[in-house]
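Chemist: my questions concern the predicted model and sequence given below.
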Amino acid sequence: MKSLMSLWTQMAEESAILCHTSATSDINTVRRRSEHEGLSFFTITLPDLGKSTQKWIDQGQVGINTSFSLGSGRLPLFLGGFFSRVFDRETGVLLDEPDIESILAIRQLTLLFSKISLPCSSARERKAMSDYVECEQDVRRSDMELTEEDLCEFQHISDLLFREVFTQMDRDVYYGQLLPKHGPGAVADGLTSNGKYRLRTWTRRLEEVFPSYEYLIPNLHFREELDEVDILEPGDEMPVKVISVPKTLKTPRIIAIEPTCMQYTQQALLRCFLSAYRRDELLRMLIGFDDQFPNQELARQGSADNRTATLDLSEASDRVSNQLVRRMVSRWPHLSKAIDATRSRRAAVPGHGVIRLSKYASMGSALCFPMEAMVFTTLIFLGIQKSLNTTLTKKDVKSFIGSVRVYGDDLIVPVRHVSQIVQTLEHFGARVGLDKSFWTGRFRESCGKEYFNGLDVSIVKVRQVLPSTIADVTGVISTVALRNQLYIAGYNRTVCWLDKLLQGILKDFPVVAPTSPVLGRVSFSGYDTQRMHPSLHSPQVRGYVVQAKAPIDPLGDTGALLKCLLKLESDNPQGVPDWIGLVPCYRPGTARNEPSLWSPAMSQAEQHLERSGRPKRVGMKLGWWPSF
């Protein structure tokens, strides 16, 4: 609490200097209220004011926030010096030329701690689980209210958008051209990262589309090992495991951990989808999966010309109905069967037992993100079709390139159709977060970037509690990143304060380039050179680097062979093994009369059979490292 108060004070004083006002009374208010309200004042109360302010800027008029009293006019007394440079003091109306620095300052001072990772209270976790179950009931009710006409219209737009992609995927499923993958994350059945390659649990639904003899063993020479495979009937399948992970002090993030067999085959369909998607030029312009910049750029343009709106969906993935997904792929029987087979039908929810799911999938499924993106894109164009009162064609869809863009639950849509789009989304079960959706004024937000009138008003946020000792490795790493982000943002006084804090913790804290692996101070004036590398003759500094080792998880026998073969297939889509083209050489450590094919990549492959998975802990190592 003390360190967060000190950081807020530094930022308030520096922001006041930049905006030519005073923050003395604001600092006293924060100190007094934080002593009485605790950490929740920084992480809940202040962010609520920040979110209200964003909406006021969008609507052009100050509204009501019950946590802060008004001054003599229409503006909040708290941060009044900043608010008066953005809104008229007497009427509360947005000024014709509001001060951009003051908008930045208000957002920075209210939202600074909005994303700090802290565990919630048990009561808030129980509430989050109850909300998950209630959301499931909402999806079920929405399904019942949809008419056949609604579903036919939805299917028509979906076919218009995704016909080529689904046709290619259906063909790949039919011919068995799918490549599965195990990830490093947790699974419901508790298998380790390498232990997943010894998977011996399958389901009857998967067996019909993904035969175990093709996916669980390297080839048919090992078919006797299939006797150990337990094929589960639908009623005996393992449910997804619903858990909470820290997000903010206000609410945790709810995710679902999939069983290994489901995640394994979901990854196969995901590869298949991405391959087809990348070949579709139109879809690449409408939907994004790995690049947020197009959404951010459209949000910036929309804040300047008011042509596009930004919409944010609440509980986005949990409100995508399985009925819509099934309808979307119903014309492609092989794909439809594969998608259904890889979907978990039940979830184990703490405090609520095992429930049957009407949603397609929660966060945790490899197919959750692409399926929700396709459903939301379909609903956007269905809303546009209703707004235009005409049947859309492919040519019509192409005309909306540059005004429609979907990245997960961040949606860019045309302002002139926004009312009908919002209505359509909610009619089909989605919930538009109106406090984070903007289309009225000149404020826009998408994919972590905020803009006002074409100008970037994005802020820096604290992600971890500030550290007090070097033992708090996560806190140190996060605070170094915070320091460098604030330096780039121009908060020099606050950066000096953080430098003193970090120099009291780290033995060495040099000036480095942004590309250096060292935990150091980024500077526009260059970087330190404390010595030259003895053999490479490149500049080095003494400092700490982050080290994270994968846990020990040895894998041998059939599982090791399966992993290596899958890796070869993944690294070489054309099926050309890594060793083709290598000349015979001698592997280090072998006798001179034992030639073998060897490359550095093969030694790395050996290591991943010894260690695998996400690191359980992160450490730091002091030494000499590159300055850039």
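Modeler: That came through, no problem.

Chemist: and stretch 521-537, what's buried?
Modeler: Of the residues in stretch 521-537, those buried under the neighbour-count criterion (16 or more other Cβ atoms under 10 Å) are 521-522, 527-528. No exception for glycine: its C-beta is placed from N, CA and C like everyone else's.

Chemist: could I get these as JSON lines with pLDDT, distance to residue 90 and secondary structure?
Modeler: Written out in JSON lines, the entries for the buried residues of stretch 521-537 read as follows (pLDDT from 0 to 100; distance: Cβ to Cβ, whole Å; DSSP: H, G, I helix; E, B strand; the rest coil):
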{"residue": "521", "pLDDT": "97", "distance to residue 90": "46", "secondary structure": "strand"}
{"residue": "522", "pLDDT": "96", "distance to residue 90": "44", "secondary structure": "strand"}
{"residue": "527", "pLDDT": "93", "distance to residue 90": "52", "secondary structure": "coil"}
{"residue": "528", "pLDDT": "93", "distance to residue 90": "54", "secondary structure": "coil"}
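
Chemist: determine which two of the residues you listed are furthest apart.
Modeler: 522 and 528 (11.6 Å; Cβ to Cβ).

Chemist: overlap of the contact sets of these two?
Modeler: 511-512 (Cβ atoms under 8 Å, 6 or more residues apart in numbering).

Chemist: OK, contacts around residue 413?
Modeler: By Cβ under 8 Å, 6+ apart, residue 413 lies in contact with 308-309, 311, 380, 383, 403-404, 421.

Chemist: sec struct for the residue nearest to residue 539 when sequence neighbours are not counted, please.
Modeler: Nearest residue to residue 539, sequence neighbours excluded (Cβ to Cβ, 6 or more residues apart in numbering): residue 529, at 3.8 Å. Under the three-state scheme (DSSP: H, G, I helix; E, B strand; the rest coil), the conformation of residue 529 reads as coil.

Chemist: OK, contacts around residue 529?
Modeler: 539-541, 627.

Chemist: skip ahead from the helix or strand encompassing residue 157 and say which helix or strand is next.
Modeler: Secondary structure from DSSP states H and E places residue 157 in helix 148-174. Along the chain past helix 148-174, the next helix or strand (assigned with DSSP H and E) turns out to be strand 201-203.

Chemist: quick one: low-confidence ranges for the stretch 201-350 of the chain?
Modeler: Low-confidence segments of the stretch 201-350 of the chain, defined by pLDDT under 70, are absent.

Chemist: residue boundaries of the helices in it?
Modeler: Along the stretch 201-350 of the chain, the segments classed as helices by DSSP state H, counting those that start in this stretch run 204-209, 212-215, 260-278, 281-286, 293-305, 322-328, 333-341.

Chemist: how distant is the fourth one from the center of its chain?
Modeler: A distance of 21 Å separates the C-alpha centroid of helix 281-286 from that of its chain, computed with Cα atoms, centre = their mean, to the nearest Å.

Chemist: list the buried ones in it?
Modeler: The neighbour-count check on helix 281-286 (16+ other Cβ under 10 Å) flags 283, 285-286 as buried.

Chemist: can you give me the pLDDT of residue 600?
Modeler: With respect to pLDDT, residue 600 scores 38.

Chemist: any idea which helix or strand of this structure has the worst average confidence?
Modeler: Among the helical and strand segments of the chain, the one scoring lowest on mean pLDDT, DSSP states H and E is helix 600-608, with a mean of 52.

Chemist: and the next helix or strand past that one?
Modeler: Heading C-terminal from helix 600-608 (DSSP H and E), you reach strand 619-626.

Chemist: so what strands line up beside that next one?
Modeler: Strand 619-626 has these partner strands in its sheet, going by DSSP bridges: strand 539-547 (antiparallel).
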